[in-house]
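In: return a 3D structure for these sequence lines:
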Amino acid sequence: MKSLVVAAAVLLAPGVAAAQAPPEIPFEGSDFLQPPADMHLGEVAGVAVDNRTGHVFVFQRGNTHGPAYGAAAAQLLEFGKDGKLVREIGQNLYAWSFAHAVRVDPQGNIWAADKGSDMVVKFAPSGKVAMVFGRKPEASDENAHPLEHPKPPLPAVDGYFRQVTDMAWDSKGNTYISDGYINSRVAKVGPDGRWLKSWGAFGKAPGQFDTLHSIAVDAADRVYVADRGNRRIQVFDTEGKLLKVITIDVPVPPDAQPAIGAKPNPEAGGAATMYPGAPWALCITPKTPGREQVLYASDAFPGRIYKLSLDGKVLGFLGGAGKPLGRFGWIHEIACPSENELYVGELLNWRLQKLTLHPR
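Out: From the prediction side, this is the model:
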């Protein structure tokens with residue numbers, strides 16, 4: 001099933017200065033996955049595409065076990081190019097608690113970030129666990145419970161994560177991990193798994209973070225971090241030197257409605273997670289001959305995807321919040337195997353959409 005979304009006029013929201021709005025990109029949204037009849041997805045937190053095979057990996061908060069609160073909600077599934085289920089990876093894995101992101105590295109290894117267990121797991125293409133990073137809290141602890149969010153946060157500890165969110169790789173095989181909701185830092189580990197360094201702390205100053213929610217690396221080894229709570233994308237070199245800060249400022253239609261909850265009010269202050277342009281998910285297209293890489297980012301309100309050049313210019317946007325195909329309910333991760341083919345995992349709509357873009 002597909003939905004065709006066409007360009008529409010963009011109106012200015014109150015308090016937004018007049019500016020030349022980037023073009024809206026027409027696109028088709030399709031319900032790509034074809035799981036077995038007895039399989040039902042929950043919140044689709046993660047999606048990744050293996051560029052070598054075209055297979056699609058989905059990290060979803062279904063297959064829930066446990067009580068209503070504090071239940072395990074993570075399942076990693078692999079689908080073929082035709083959308084049909086190939087296999088489940090890591091069934092009943094010790095790290096599974098609360099799915100957050102999945103990525104496939106250039107060698108075809110599958111990586112999963114589990115926010116609930118504070119762990120990152122690397123699977124070989126065969127599905128066998130190859131490396132684990134971080135450590136799950138012990139269930140035998142007397143006061144075992146989810147992590148708290150003290151302000152200011154407790155000092156970060158090398159090798160441990162606190163609500164980890166995502167990972168990406170540079171050309172030398174180093175892994176960059178966004179860590180995440182509590183630690184507010186980027187961790188760097190070597191190809192052999194050695195902890196190399198970390199940078200960042202909680203705050204609003206340049207180089208500080210408030211909820212690192214997604215991370216990506218371009219072909220020039222620049223590290224892009226979705227600093228969601230500060231409504232910006234920060235760009236670093238591989239040693240943590242800040243190179244650029246990108247903000248997304250596209251006018252919002254005055255009749256735009258959020259996917260859920262009250263319409264956010266930036267004038268009220270507070271964390272910017274729900275503000276227009278606050279980046280939830282990042283994806284950079286692969287480097288191909290004759291084509292510049294582009295960056296895709298999504299927000300929760302008004303629920304759009306933005307196409308940017310790597311220097312931060314908004315080239316276009318698409319979508320908006322809603323239930324039907326072609327609309328989005330909190331895009332949590334984007335896979336972009338090519339400039340005009342995107343896969344987006346949605347939390348509120350419990351689905352993965354395949355998007356085919358038709359830029360003018």
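In: chain neighbours aside, what residue packs nearest to residue 109?
Out: Distances taken as C-beta to C-beta, 6 or more residues apart in numbering put residue 122 closest to residue 109, at 5.5 Å, once the chain neighbours are dropped. C-betas here are computed from N, CA, C, even on glycine.
In: what's near enough to touch the one you found?
Out: Contacts of residue 122 were listed using C-beta atoms under 8 Å, 6 or more residues apart in numbering, and they are 109-111, 129-133.
In: which one of those is nearest to residue 117?
Out: residue 132 (10.0 Å; C-beta to C-beta).
In: would you mark the buried spots in the helix or strand hosting that closest one?
Out: Here residue 132, judged by DSSP states H and E, is contained in strand 129-133. By neighbour count with 16 or more other C-beta atoms under 10 Å, strand 129-133 contains the buried residues residue 133.
In: gap between that strand and the chain center?
Out: Averaging C-alpha coordinates over strand 129-133 and over its chain gives two centres that are 21 Å apart (C-alpha atoms, centre = their mean, to the nearest Å).
In: after that strand, which helix or strand is next? Please name it.
Out: Along the chain past strand 129-133, the next helix or strand (assigned with DSSP H and E) turns out to be strand 164-169.
In: partners of that following strand in the sheet?
Out: strand 175-179 (antiparallel) (DSSP bridges).
In: mind giving me the packing neighbours of the next helix or strand after the partner strand?
Out: Sequence-wise, the next helix or strand beyond strand 175-179 is strand 185-189, with elements assigned using DSSP H and E. Helices and strands touching strand 185-189, by 3 or more C-beta pairs under 8 Å, 6 or more residues apart in numbering; DSSP states H and E, are strand 175-179, strand 195-199, strand 212-217.
In: which outside residues touch the first one?
Out: When contacts are defined by C-beta under 8 Å, 6+ apart, strand 175-179 is touched by residues 105, 111, 113, 120, 133, 156, 161-170, 185-191, 198, 212-215, 217, 223, 225-226.
In: in PyMOL, select just the buried ones from those residues.
Out: Command for PyMOL that selects the buried part of the contacts of strand 175-179, burial taken from 16+ other C-beta under 10 Å:
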select buried, resi 105+111+113+120+133+156+161+162+163+164+165+166+167+168+169+170+185+186+187+188+189+198+212+213+214+215+217+223+225+226
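In: contacts for the strand holding residue 132, please.
Out: Strand 129-133 has contacts (C-beta under 8 Å, 6+ apart) with 90, 93, 95, 109, 119-124, 159, 161, 177, 189, 193.
In: show me which of those are buried.
Out: With neighbours counted using 16+ other C-beta under 10 Å, those contain these buried positions: 90, 93, 95, 109, 119-123, 161, 177, 189.
In: which one of the contacts of strand 129-133 is nearest to residue 252?
Out: residue 177 (32.3 Å).
In: which residues sit in contact with the closest residue in space to the closest one that isn't next to it in sequence?
Out: Once its chain neighbours are removed from consideration, residue 177 has its nearest residue in residue 187; the separation is 4.4 Å (C-beta to C-beta, 6+ apart). By C-beta under 8 Å, 6+ apart, the residues touching residue 187 are 161, 176-177, 179, 195, 197-198.
In: mind checking pLDDT for residue 187?
Out: What the model reports for residue 187 is a pLDDT of 98.
In: same deal with the one 5 residues further on?
Out: Residue 192 is assigned a pLDDT of 98 by the prediction.
In: which strand or helix spans it?
Out: Short version, using DSSP H and E: residue 192 is in no helix or strand.
In: look up how far residue 122 lies from it.
Out: The gap separating residue 192 from residue 122 is 12 Å, by C-beta to C-beta, to the nearest Å.
In: return the distance of stretch 184-191 from the chain's centre.
Out: The gap between where stretch 184-191 is centred and where its chain is centred comes out at 17 Å by C-alpha atoms, centre = their mean.
In: wait, stretch 204-214
Out: Taking the mean C-alpha point of stretch 204-214 and that of its whole chain, the gap between them comes to 15 Å (C-alpha atoms, centre = their mean).
In: hey, where'd the strands end up in the stretch 251-360 of the chain?
Out: 281-284, 294-298, 305-309, 314-318, 331-338, 341-346, 351-357 (DSSP state E, counting those that start in this stretch).
In: residue 195: how many residues sit nearby?
Out: With neighbours defined by other C-beta atoms under 10 Å, the count for residue 195 comes to 13.
In: quick one, what contacts it?
Out: By C-beta under 8 Å, 6+ apart, residue 195 lies in contact with 158-159, 187, 189.
In: at 7 Å what do you get?
Out: When contacts are counted by C-beta atoms under 7 Å, 6 or more residues apart in numbering, residue 195 touches 158-159, 189.
In: relative to residue 80, which of those is nearest.
Out: Scanning these for proximity to residue 80, where the rule is C-beta to C-beta, the winner is residue 189, at 30.9 Å.
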